[in-house]
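Enquirer: sequence-free structure coming up:
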């Protein structure tokens, strides 16, 4: 069988040149396909030797960041809900106090009206006019 385009008996310098050209074309293709991708990410991939390690590491990092953010959001939400419940209870207590005070003042006003009516009747009966 024949080898399609690569020959095994090539000199080392010629093979290294082909690898360099292929690597350069791959990098150029990455830049053309992903124009929004920053250059330092491409450089990191070249130094690490692949994207699988970076993808796995960034995936774990993203998951842990999401988990920490989720936990913090839950804690803040719990604190806010507890504070709102506390405010509702305090408002209810104040309203109960105010209501009882109004009821007692209403009773006092009713008593004062009765006393006023009694005094007016007494004055009318004695003949002294206002």
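Expert: Sure thing, it's come through. Computed from a predicted structure; not experimentally measured. Numbering: from 1, shown residues only.
Enquirer: So which residues of the chain form helices?
Expert: 12-33, 39-48, 52-126 (DSSP state H).
Enquirer: which residues of this structure score low on pLDDT?
Expert: 1-20, 32-54, 128-130 (pLDDT under 70).
Enquirer: Include mean neighbour count when you put the helices of the chain into CSV, please.
Expert: Any C-beta I mention is one placed from the backbone N, CA and C, and that applies to glycine too. Formatted as CSV, those follow (neighbours: other CB atoms under 10 Å):
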stretch, mean neighbour count
helix 12-33, 11
helix 39-48, 11
helix 52-126, 10
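Enquirer: so how far is residue 111 from residue 105?
Expert: Using CB to CB, to the nearest Å, residue 105 is found at 11 Å from residue 111.
Enquirer: same thing with residue 25?
Expert: 102 Å.
Enquirer: swap in residue 69?
Expert: 63 Å.
Enquirer: Residue 72 too?
Expert: On the measure of CB to CB, residue 72 and residue 111 end up 59 Å apart.
Enquirer: Could you do residue 22 as well?
Expert: If you go by CB to CB, the gap between residue 22 and residue 111 works out to 104 Å.
Enquirer: next one: residue 99
Expert: Going from residue 99 to residue 111 by CB to CB gives 19 Å.
Enquirer: ok, now residue 24?
Expert: For residue 24 relative to residue 111 (CB to CB), the value is 102 Å.
Enquirer: One more: residue 79?
Expert: Note on residue 79: its distance to residue 111, by CB to CB, is 48 Å.
Enquirer: Ok, residue 87 next?
Expert: Per CB to CB, residue 87 is found 36 Å from residue 111.
Enquirer: Check residue 85 too.
Expert: The value you get for residue 85 to residue 111, if CB to CB is used, is 40 Å.
Enquirer: next one: residue 89
Expert: Taking CB to CB, one finds residue 89 at 34 Å from residue 111.
Enquirer: just residue 65 next, same as before
Expert: For residue 65, the distance to residue 111 (CB to CB) stands at 69 Å.
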